[in-house]
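Participant: Provide a 3D model corresponding to the input given below.
(6 chains)
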Number of protein chains: 6
Amino acid sequence: MDQPVKFVKESVAELSELMMPTHVNNLGSVFGGAILQLMDKAAYVSAARHAGVPCVTASFDRVDFVSPIRVGELVTLRATVNFAGKSSMEVGVVVTAEDFLNGKKREAFRGRCTMVALGPNGRPAPVPRVQPETDLEKSLYAEAENRYRQRH
Amino acid sequence: MDQPVKFVKESVAELSELMMPTHVNNLGSVFGGAILQLMDKAAYVSAARHAGVPCVTASFDRVDFVSPIRVGELVTLRATVNFAGKSSMEVGVVVTAEDFLNGKKREAFRGRCTMVALGPNGRPAPVPRVQPETDLEKSLYAEAENRYRQRH
Amino acid sequence: MDQPVKFVKESVAELSELMMPTHVNNLGSVFGGAILQLMDKAAYVSAARHAGVPCVTASFDRVDFVSPIRVGELVTLRATVNFAGKSSMEVGVVVTAEDFLNGKKREAFRGRCTMVALGPNGRPAPVPRVQPETDLEKSLYAEAENRYRQRH
Amino acid sequence: MDQPVKFVKESVAELSELMMPTHVNNLGSVFGGAILQLMDKAAYVSAARHAGVPCVTASFDRVDFVSPIRVGELVTLRATVNFAGKSSMEVGVVVTAEDFLNGKKREAFRGRCTMVALGPNGRPAPVPRVQPETDLEKSLYAEAENRYRQRH
Amino acid sequence: MDQPVKFVKESVAELSELMMPTHVNNLGSVFGGAILQLMDKAAYVSAARHAGVPCVTASFDRVDFVSPIRVGELVTLRATVNFAGKSSMEVGVVVTAEDFLNGKKREAFRGRCTMVALGPNGRPAPVPRVQPETDLEKSLYAEAENRYRQRH
Amino acid sequence: MDQPVKFVKESVAELSELMMPTHVNNLGSVFGGAILQLMDKAAYVSAARHAGVPCVTASFDRVDFVSPIRVGELVTLRATVNFAGKSSMEVGVVVTAEDFLNGKKREAFRGRCTMVALGPNGRPAPVPRVQPETDLEKSLYAEAENRYRQRH
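Facilitator: Have a look, this model is predicted:
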């Protein structure tokens, strides 16, 4: 009996927020912790889209702070499930900052985390396999599968 | 000397947020005021995309509360500049709520507001004209222009 | 059998907040969305005073941004039910900003919205009629009734 | 050369907020710290009205928690300067909670604090004397003056 | 039948927070109300450690604002139960601000409040007696007991 | 010319917060993003203690979600600089949750991140070397140095 399959594009989750003065640290740029919090939310939505059930974060595997973000910029987080094990998923999140007065965008954060699907009893639940389509998706899948094999 | 022109699609602004327990009123659904705040932000981004300079809200012309939103839903706001006068813009905002566990979406709020572009001296600044393309854009343009003519 | 009647003064609701740095947008004045959120709360209290039961917002019919507000000012919102239909109420909200170091006040926002009373089953519930007393109340009543008749 | 005089009624400051789920502690009623924060704001506005210059809190002299507050209630804080020394003022704050669905009000907190007026150099600045008028004002003045004399 | 006894050191509760721009008032230093809120939390944890059951605040008996706090400083609150009556406890809270770039610390606030233990029925519940050990603890105990005797 | 040296114990930074209903996600336990935000703050304080100058986060290298946290628990984050390169530091953060009514503690999160010291010109600044003392410190140092060597 086969496990169901989903495409990467089916788990795309986008969050976008306007950065306000409440997001700022005492050095004047957007506080990294505020973005980590948004990354956790975006990953949660993406994982839940893939699994079709509520999920919890198991680990943040790596987050790189690429470029500082300023107040007044538009931040967009794009999360996708790049690989799925039995009940866990590796979710990649790319964070883009945009100065929308001139339309210039740049990558600000990049990270990946592992989410686990929960069944009605609060125990890990099986999730669909991931079917990568594009070259980028296949490459991210291979890297994630490699990390998964090393841990299991 | 011609005023510059921009297409409606150039001013599209999308904000997306996951509704958390902090967004809830004491009746258990998402507090309308929280969504109005997000609508103001989305309209601001759309107007600034069109005008290319900072903008301020002049009025919220009408907002309909179509369907209550629950905690855990993904709210997406899509704002576009539907018509532009000399320095003012009518911005339409459609708010969609999605239960992303099953992918079902529905319209939750719908509204329009008037934003004004500000020049470096803090005075109203001229903005590009709007060039509608699709039938929907043309219809929204005509309605907005009609409202604009009645007020001027 | 007559519908009960209430005076406008019975539904007066006042909210007052000191504007803090958390209320500010990235242009340095108070974020309009923060005031819209307060207007929704003031309208809710006024409608609930009139109806005697919980209410929900059906629409924001119009909000004018009259004058920008600065951090450190005292904002006072005064809401009244100006007209009532069968289960809906038009609530007017006037927002005043005060520099309390010199006592100078000015109108900052002005708006009106439609609230609907909810019965125990979550369905629209009948509300008392409004009895205007002063000339201003009578004028606001007439305007609101006119808008109500056009929609029904 | 006489020090100027102000009536108690000139320093009345009222703040009113609707209690939301974000104000709640983990026992289900409104978190006392949230009310203390509002009391500090109300006392600040009252002291600044009396002094006509910015003020800072020197001490919270006593706050009694009289009755727990529930989410959905309207909280109103009324602060007055009851006595003034050379540059310090005793500010009394009474906090009322109202279930506005039935109009029932009760005292929820009662407290007093000492505020100090600041001159342009950041040093304590002289403030007007307080002129009590009603019996209650005279009684609060006498008690506050007594406490002031004991400390100086 | 003896009432149980606990040492002061058993009720030590420490909270520490980094002061962010959201904690600031409109004069540029940390808003006193934000610290009062933290003091209430620290006192709650200390009282609950002593009593072993949930507690509520009965009164803030005195809080002195010793030194202003700046954004970017680390604030540490240390609360201890200094004396216990039948079901009430006097909790002392000392607030220290630290510029952690140079390690310099100073006292910023100092206060005491009265907390009451609650039994499963929501009524005041008996609490252990306090056994002071050090000279400071004995002195704080004596002062607190004196205040307790004057009120009962 | 020797680089200065600091002990691990000199960079210990502890933050402690009481978990409130505002920290909760829509599954009823504390939102992981809220803890990530606190971890970023604790790491910042620890790195700044070690470097003596402001720092920025370069990456979150790994965070494991060990055990869910409930509202009403006391969360304590303990951060230390475990290894330092030329201008970067690996900071370890252990998050403990405590039910302080019974004193039971457990590890809830564990992670490490890389912080970079900033000089007055906003460029990376040299930091003291780390001198581990205990066996645990030596082991964490060796692991961190190993990761550092692999990246450089």
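Participant: switch to C-alpha atoms for all contacts and neighbour counts from now on
Facilitator: Fine.
Participant: please name every helix or strand in contact with the longest strand seen in chain A.
Facilitator: Criterion DSSP state E: the longest strand present in chain A is strand A:104-117. Helices and strands touching strand A:104-117, by 3 or more C-alpha pairs under 8 Å, 6 or more residues apart in numbering or on different chains; DSSP states H and E, are helix A:32-51, strand A:55-65, strand A:88-99.
Participant: now render those as CSV, adding mean neighbour count and distance to chain E.
Facilitator: Below are the helices and strands packed on strand A:104-117 laid out as CSV (neighbours: other C-alpha atoms under 10 Å in any protein chain shown; distance: least, C-alpha to the nearest C-alpha, whole Å):
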stretch, mean neighbour count, distance to chain E
helix A:32-51, 26, 12
strand A:55-65, 21, 20
strand A:88-99, 24, 21
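Participant: for residue E:41, find the nearest of these.
Facilitator: Closest to residue E:41 of those is helix A:32-51 (C-alpha to C-alpha; 22.9 Å).
Participant: and that closest one, what other elements does it pack with?
Facilitator: strand A:13-18, strand A:55-65, strand A:74-84, strand A:88-99, strand A:104-117, helix F:32-51.
Participant: try 7 Å this time
Facilitator: Counting contacts by 3 or more C-alpha pairs under 7 Å, 6 or more residues apart in numbering or on different chains; DSSP states H and E, helix A:32-51 packs against strand A:13-18, strand A:55-65, strand A:74-84, strand A:88-99, helix F:32-51.
Participant: off-centre distance for that helix?
Facilitator: Between the centre of helix A:32-51 and the centre of its chain there are 5 Å (C-alpha atoms, centre = their mean, to the nearest Å).
Participant: rounded mean pLDDT for it, please.
Facilitator: For helix A:32-51, mean pLDDT rounds to 96.
Participant: repeat that for stretch A:72-92.
Facilitator: So the average pLDDT for stretch A:72-92 ends up being 97.
Participant: touching chain C at all, it?
Facilitator: Yes - using C-alpha under 7 Å from any C-alpha of the partner chain, stretch A:72-92 reaches chain C at residue A:72.
Participant: how about that stretch: buried residues?
Facilitator: For stretch A:72-92, burial by neighbour count (16 or more other C-alpha atoms under 10 Å in any protein chain shown) applies to A:72-85, A:87-92.
Participant: kindly check the end-to-end length of it for me.
Facilitator: Criterion C-alpha to C-alpha, to the nearest Å; first-to-last residue distance in stretch A:72-92 is 25 Å.
Participant: report whether that stretch contacts chain F.
Facilitator: No - on the criterion C-alpha under 7 Å from any C-alpha, stretch A:72-92 is out of touch with chain F, staying 13.5 Å away.
Participant: can you list the residues of chain A near chain D?
Facilitator: Looking at chain D, no residue of chain A is close enough under C-alpha under 7 Å from any C-alpha.
Participant: OK, contacts around the closest residue to chain D within chain A?
Facilitator: Residue nearest to chain D within chain A: residue A:22 (16.6 Å; C-alpha to the nearest C-alpha). Each residue near residue A:22 by C-alpha atoms under 7 Å, 6 or more residues apart in numbering or on different chains is listed here: C:22, E:21-22.
Participant: for it, give its distance to chain B.
Facilitator: 14 Å (C-alpha to the nearest C-alpha, to the nearest Å).
Participant: just to be sure, that residue is in a strand?
Facilitator: No - counting by DSSP: H, G, I helix; E, B strand; the rest coil, residue A:22 is not part of a strand but helix.
Participant: write out the residues of chain A neighbouring chain B.
Facilitator: Within chain A, the positions lying close to chain B (C-alpha under 7 Å from any C-alpha) are A:14-17, A:48-49, A:52-53, A:100-102.
Participant: please identify the helix or strand for residue A:127.
Facilitator: Assigned by DSSP states H and E, residue A:127 belongs to no helix or strand.
Participant: how about residue A:110: what's its closest non-neighbour residue?
Facilitator: Spatial nearest neighbour of residue A:110, excluding adjacent residues (C-alpha to C-alpha, 6 or more residues apart in numbering or on different chains): residue A:94 at 4.6 Å.
Participant: next: residue A:59.
Facilitator: residue F:64 (4.4 Å).
Participant: isn't that neighbour right next to residue A:56, touching?
Facilitator: No - the pair residue F:64 / residue A:56 is not scored as a contact, 11.8 Å apart, by C-alpha atoms under 7 Å.
Participant: which ones are touching the residue nearest to residue A:110?
Facilitator: Taking C-alpha under 7 Å, 6+ apart as the test, what residue A:94 contacts is A:77-79, A:109-111.
Participant: now swap in residue A:114 and tell me
Facilitator: A:57-60, A:88-91.
Participant: can you check residue A:95 too?
Facilitator: So residue A:95 contacts A:75-78, A:107-110 (C-alpha under 7 Å, 6+ apart).
Participant: any idea which of those residues is closest to chain B?
Facilitator: residue A:76 (8.3 Å).
Participant: now the residue nearest to the closest one when sequence neighbours are not counted: how far from residue B:15?
Facilitator: Among residues not flanking residue A:76 along the chain, residue A:16 sits closest, at 4.2 Å (C-alpha to C-alpha, 6+ apart). Distance, residue A:16 to residue B:15, using C-alpha to C-alpha: 5 Å.
Participant: what's the neighbour count on the nearest residue to residue A:138 once chain neighbours are set aside?
Facilitator: Excluding its sequence neighbours, the residue lying closest to residue A:138 (C-alpha to C-alpha, 6+ apart) is residue A:132, at 5.2 Å. Residues contacting residue A:132 under the criterion other C-alpha atoms under 10 Å in any protein chain shown number 20.
Participant: state the mean pLDDT of stretch A:134-152.
Facilitator: Taken as a whole, stretch A:134-152 carries a mean pLDDT of 95.
Participant: check stretch A:8-25 too.
Facilitator: According to the model, stretch A:8-25 has a mean pLDDT of 93.
Participant: can you tell me the distance between the two ends of it?
Facilitator: Stretch A:8-25: ends 35 Å apart by C-alpha to C-alpha.
Participant: quick one: residues contacting residue A:12.
Facilitator: With contact taken as C-alpha under 7 Å, 6+ apart, residue A:12 is in contact with A:46, A:78-80.
Participant: and it, how far is that from residue B:100?
Facilitator: For residue A:12, the distance to residue B:100 - C-alpha to C-alpha - is 11 Å.
Participant: quick check: neighbours shared by the two?
Facilitator: Residues within reach of residue A:12 and of residue B:100 at once, by C-alpha under 7 Å, 6+ apart: there are none.
Participant: separation between residue A:89 and residue A:80?
Facilitator: Where residue A:80 is concerned, residue A:89 sits at a distance of 10 Å (C-alpha to C-alpha).
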